[in-house]
Structure formats: C-alpha cells, structure tokens
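Undergrad: Okay, here's the prediction I keep looking at, along with the sequence it came from:
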Amino acid sequence: MTAADSASPIDLLRTMRLIREAELRLAQLFADGEVPGFIHLSVGQEGVAAGVCAALGPTDTLASNHRGHGHALAKGLDLERFFLEIMGKAEGMCKGRGGSMHVADAAVGMLGANGIVGAGLPIAVGSALAHQVKRNGAVAAVFFGDGALAEGVMHESFNLASIWRLPVLFVCENNGWSEFSPTSRQLAADPCALALSHRIEARSIDGNDAMAVHDVTRTLVAEIRNGGGPRFLECRTTRVRGHFEGDPQKYRDAADAARSDDDPIGRLERRLAAEGLPAAEIKAAERDAVARVDAAVARARAGTAPAFGDALRDVYANTEVRP
Amino acid sequence: MSEVRFGQAINRALADAMAADDSVVVFGEDIAAPGGPFGVTRGLLDRFGPDRVRDTPISEAAIVGAAVGAAMSGLKPVVEIMFMDFVTLSMDALVNQAAKARFMFGGQYALPMVVRLPHGGGINAGPQHSQCLEAWLAHVPGLKVVCPATVADAYALTRAAIADPDPVIVVENKSLYAVKGELPEPPPSASIGKADVARPGRDATIATYGAMRAVALDAAGLLAKDGIEAEVIDLRSLQPWDEAAVLASLARTHRLVIVHEAVEAFGVGAEIAARMADIGFDELDGPIVRVGAPFMPVPFAKELEAHYRPDASRIVEAVRRTLA
Ligand SMILES: Cc1ncc(C[n+]2csc(CCOP(=O)(O)OP(=O)(O)O)c2C)c(N)n1
Ligand SMILES: [Mg+2]
C-alpha cells in the first residue's frame, strides 16, 4: 500500500467538503440560470466517492455515471476546469461539449461520467482488460447506482470480468432510488447476490461512513491488484436531493429525504471531534472548500463561449466534417 | 503476388497489425480457439497468445463496451460481432460511447478501435443473419464505416481501420469470404475515404460497394455488348465517402446509378443521390436511380433470396433508365 492510496479521516473530510460545496454552488448557479441543461447532485453520497477514490492511485482508471461530480472531483479533476465545463465554457474539461453528465479527465484516469445508465460497467471492464494485457498493475473502478443493476449489460460485464479475472472494482451506490421509483419496485435481486452468482466476491457496507468505505475499498483494491480478479462493493447511501435539480419529488415523503444523522460529513466531523481534533481544523476543511469553489466559480464565469468550428474539428481526429 | 481468399487477406491484415503493434488485441465470440465462425481469425491465438486473442461469452454489449474502455486505456482492440444483425445488441456502446468519446470529452481521448461486422445475404441465412445495416452506422457522427470489395482491399482497409485513431466499422460481406484474388507482396495500403474506379466508362456511373462491386461489373459487361460504357466506382468507404470521386465520374458520364445490397429506402444510396442532386445538379442528364433491396426483411428460401438481392439485370435496367 502506497501513500497515494490511503487517506486519513481529515483527508476524506476535505474531499467530501469540496464535493458538497461544489455541488451546492452548482445548485445555486443552476437555479440562477448560469448552468444550462440539467444536473444530478450527489449530496449525502459524498462518503462513497471520497472513500473509494482515496484508495485509488493516479494510474488507476475510473468510469462513472450521471451522478458523477463527486467521483470526478475525488479522482482529482481540476476544480476550475470542472466548473468551466459545467457552465459550458471553451476552457472546460471537455471544451463545453459534454457538461455535467460527461466530465472526464484523461490526466487522472477519469474515463468520464456517463449519461447512459449502466454504460460505465463494460467501459471499466475494457479498461481493466487494458491494465491486464499491459501488466501495469493498475485497477479500473466503476461507480453505478442501484438502478443500473436492472440493465442487461450489468450481467455481461460481471460475467466477462469474472471469466477473465479482470482487475476491476464494481462500486454500486445504492441510494434506494432509480429516478422516481424506489429500488424495491425496480430490482428483484439482492445486489451482492448478483455479484456472488458471477463468482465475484462482494461486500455491502454503510456508504455514509466514509472511513469504512475507504478501509474496505483499500482491502478490495489490494486483493484485485494481487490478481484476485474483480470485486463488488455495495455502498448503502442516501440521495438527499431530487433525482435532478428542480425535481419536486412528489413521489417521496419528506422524512425519507431528511435523515440528517446519516450525513457522511456530519458523521465524520463528529468522529474527528470525539477523537480530539480541534474544532478550528474541522472548520478549516469547510472554509478551504468554500474558498476554492469561490475562486473556481469566478474563473468559470470569466470563461469564453466555445467556438462552433472547434467543436466540428473534434468529431474525428483527422477527418474534416462539412459544416 | 499471391492468390488468397478474401477472408485470408483479413486474417493476414490482423496478423500483420498484431505483429507490428503490441497494443492490438482481438476478441469476440469463438474467434480464438475455434478461429472464428468464418475462419477469419484462424491461427491468431497460436501466434499471439491468449492475452491478446480472446474468446468472449455471447455478450455483444460488453464486447463493444469493453472495446471502448480498452481503447480509452491504451489498447487498439479489434472486435468481431459474429453477424452484423447482432450489432443491435451493441448499439449503446457504438452510438453513445465510441462515436462520441473524442468529441464529448473535448478531444482528450482517442478511440482507436475496430468493430468487424459480417453482413449480407446469399447464404440463405434468413431474416436475422443476412442484413446490411451499414447505413445506421454511417448515420452516426464519430464512426467511420468501410466496406471492402476485393482481396487487396480486405487487407488494406482492415489495416487502415486498425491504424485509424477513431472507431472504424469494417463491414465484410459474408459471400465474399471464399472469393479468391490477388494480394500483392508487400500488401497494399489504403486511405479511408478514397474510392476506386473499378472499370472506366463514359456513358453512366455506377457507384457501389462490397459484394455489389462484382455484380455491377457484370452489369457493365452486359451493357458494353450494347455499346454502353458504364463506369463502376467502388466506394470502399461509406463514412466518410468519396464525394469528389463520385462527382468527378458524374462530370464525365452525366448519369448516376447507385447500387447496394442493403434495403434501398433511407440507405447509403439515398445520401449519395441527395448530395449529387445538390452539388452535381448541373452535370445530370437523367434521373439518379438507386438499386437496392426491397423494403422487406431478407427472406430465407433460395428463390426468395435470389429475387431479393440486386442482380446484374436490375442494374442494367437502371442504367438504361438513366439513359432513356
Ligand atoms: C439507459 C438509460 N435509461 C434511462 C435513463 C434515465 N435515467 C437517468 S438516471 C436514472 C435512474 C438511475 O438510477 P440509479 O442507477 O440508481 O442512479 P441514481 O440516480 O440513484 O444515482 C434514469 C432512469 C438513462 N439515462 N439511461
Ligand atoms: Mg439509485
């Protein structure tokens, strides 16, 4: 285990604070009309992104889903270019072509958020295949929701990963909801049983305990790196906000959404306080996040509109497209 | 120069590409140990080993999805979908992932991947094992689509597809696999997007690709007996397609027929006709006529399938219509 893939509780708190602050700011920018399209926030789920990604190294690869802001930031995506992208600017990660659902960064092995439920699974499997063929010791990870377990490609991906013993970590963020429907009406199977039936070792944990997520992920990643084949991790967590910003959530009762004792940030802060970390240091994690997000948003607002001609040039590497 | 079969030329292209570049890997259903349903990948496992040549489960979505992830992570995967008909099960990976990754990630990722898709009828394989669906894929920005018609192109276009930094679909007509032809030594190269004049002529242009090249040449032979010299253009690449070559031919002949085995409606021919009606309007001395399959599923019985696929007589008729 190298330093790059193990984190202290305060590291995890900082990451979670950054994700929380970035997303709450996105919510505001969206409400104010500064973020076009639609966005899915992971408020309440930050413990999973922070805990898992802190167990990955810079050459490990990561595929994600539509609720991918936290995954991307935890993997190390540049915060300014993240905001620039989601606000549709030329200087964004993806030059304003993708937006919230497609944040990606080749420099940190982030293979992209994804607008298609379940699509990240075979992409991570293929990335793991590359690691295996190149014998580079890297691991591929993928985040997906409970909803993706109902997609057929999940089975194909589990099966292929298991048959080829690929170095891939499947992380299911089970927040109890697929869009507007509870998991109980969407999925007949138990998530871990699905993995186990493909002979993939599986663990189910409290995803709102960031340190537990991190510790378990470190173990699983070490097993994968040692040639143990794929692993599956179910993180039970809470989607605090709507499916997307602006979702009135008429299908959901208020108590379900507002289980504040579940908040991964509050929990870790209470733990750190109990362990004697000075309140000022705990507060500093929040203050630093706010300052970083302030600066990133200011930079993003100063970004420029993408040029259509530049977009046309990236349909292919070397083949021109008629305007 | 040696005489080889079309399928062997693809095999040679795969082997040469794998020998030249360690990042080229090949996977698909029954392509490794069994050597492929049509024998195209025979011998690759023995030569390059089980790491780079792999049999997959019957998982068309994961095969192409994994190719996307592998290409984003430094490999050059060449995957086979056993029959083009089964690409329906891979469509998300092709259309939403492979085709868009370069663009939607702002050029950060290249996707050097190849999907080989055997298409076409002529072997009485019935409605779900005979279709020509290349127009679907040519419709998607970000994908390239090539369709070799000759042994030399089977080699050259396969190599060009593997060398290309973008996802390329190689459409291989099943009825061509056993056809023999010359493969020059050293084997030729090709650039994607360039058409060939398969037979020069001054009276009418027949633009076609894949298995219909030979049928169009037969038709041109028949027409020549009546003193009509048809020029046959083998498109070779459908996306991008060689607009300049077709326009140049039209400027010589002033008549245009487009021939493909795929269903005529909303097909490759429709795109070529629309473009030529636009940029070639001043050159046209007759209607642009398409010859393709009727708007029905590919039928099984010998008599039905034979009637279904375009033949030389239909092409002759079409050329005569443009000259009428
Ligand atoms: C293939 C596909 N089907 C449907 C959708 C619409 N959709 C977007 S997110 C979502 C729910 C996904 O639920 P889950 O995977 O549990 O993730 P969560 O939103 O709970 O994080 C749906 C149905 C989609 N984007 N892609
Ligand atoms: Mg969910």
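TA: The structure has been received and is ready for your questions. Ligands and ions are numbered 1, 2, ... in the order given.

Undergrad: How far does stretch B:53-68 stretch from one end to the other?
TA: End-to-end span of stretch B:53-68 (C-alpha to C-alpha, to the nearest Å): 17 Å.

Undergrad: Determine how far it lies from the middle of the whole chain.
TA: 21 Å (C-alpha atoms, centre = their mean, to the nearest Å).

Undergrad: what does stretch A:293-302 give?
TA: 22 Å.

Undergrad: Just grab the bridge partners of the nearest residue to A:Leu196 once chain neighbours are set aside for me.
TA: In this structure, A:Leu196 finds its nearest non-sequential neighbour in A:Ala202, 5.3 Å apart by C-beta to C-beta, 6 or more residues apart in numbering or on different chains. Backbone N, C-alpha and C define where each C-beta goes, glycine included. Assessed by DSSP bridges, A:Ala202 has beta-bridge partners A:Phe232.

Undergrad: Could you name the specific helix or strand carrying the closest residue to A:Ala55 other than its chain neighbours?
TA: Setting aside the residues directly before and after it, A:Ala55 is nearest to A:Thr217 in space (C-beta to C-beta, 6+ apart), at 3.9 Å. Using DSSP states H and E, A:Thr217 maps to helix A:210-223.

Undergrad: Same question for A:Arg97.
TA: Using DSSP H and E, A:Arg97 falls within no helix or strand.

Undergrad: shouldn't it be in contact with B:Arg102?
TA: No. If you go by C-beta atoms under 8 Å, A:Arg97 and B:Arg102 don't touch, sitting 9.6 Å apart.

Undergrad: elements contacting whatever helix or strand B:Met91 lives in?
TA: Assigned by DSSP H and E, B:Met91 falls within helix B:91. Applying 3 or more C-beta pairs under 8 Å, 6 or more residues apart in numbering or on different chains; DSSP states H and E, we find helix B:91 packed against no helix or strand.

Undergrad: tell me the mean pLDDT over that helix?
TA: For helix B:91, mean pLDDT is 98.

Undergrad: Tell me the helix or strand right after that helix.
TA: Next helix or strand after helix B:91 toward the C-terminus (DSSP H and E): helix B:99-104.

Undergrad: Are that following helix and chain A in contact anywhere?
TA: Yes. Counting by C-beta under 8 Å from any C-beta of the partner chain, chain A has neighbours in helix B:99-104: B:101-104.

Undergrad: And that helix, how far out from the chain middle?
TA: For helix B:99-104 - counting by C-alpha atoms, centre = their mean - the centre lies 22 Å from the chain centre.

Undergrad: So which residues lie in contact with that helix, not counting its own?
TA: With contact meaning C-beta atoms under 8 Å, 6 or more residues apart in numbering or on different chains, helix B:99-104 is reached by A:94, A:97-98, A:102, A:112, A:311, A:314-317, B:68, B:72, B:109-111, B:140-143, B:166-167.

Undergrad: Mind doing that once more with 6 Å?
TA: Contacts with helix B:99-104, where a contact means C-beta atoms under 6 Å, 6 or more residues apart in numbering or on different chains, come from A:97-98, A:102, A:314-315, B:109, B:111, B:140, B:142-143.

Undergrad: Mind exporting the C-alpha coordinates of it to PDB?
TA: The C-alpha trace of helix B:99-104 is given here as PDB (Å, rounded to 0.1, in the frame of the first residue of the first chain):
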ATOM      1  CA  ALA B  99     -18.800   7.600 -31.500                       C
ATOM      2  CA  LYS B 100     -18.900  10.400 -29.000                       C
ATOM      3  CA  ALA B 101     -16.000   9.900 -26.700                       C
ATOM      4  CA  ARG B 102     -13.500  12.100 -28.600                       C
ATOM      5  CA  PHE B 103     -16.000  14.800 -29.200                       C
ATOM      6  CA  MET B 104     -17.800  15.000 -25.800                       C
END
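
Undergrad: and the next element down the chain from that helix?
TA: Next element after helix B:99-104 (DSSP H and E): strand B:114-119.

Undergrad: got the CA coordinates for that following strand in PDB?
TA: Written as PDB, here are the backbone C-alpha positions of strand B:114-119 (Å, rounded to 0.1, in the frame of the first residue of the first chain):
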ATOM      1  CA  VAL B 114     -12.300  -1.600 -34.900                       C
ATOM      2  CA  VAL B 115     -15.500  -3.500 -35.000                       C
ATOM      3  CA  ARG B 116     -15.700  -6.100 -37.700                       C
ATOM      4  CA  LEU B 117     -19.300  -6.800 -38.900                       C
ATOM      5  CA  PRO B 118     -20.000  -9.600 -41.400                       C
ATOM      6  CA  HIS B 119     -23.100  -8.600 -43.300                       C
END
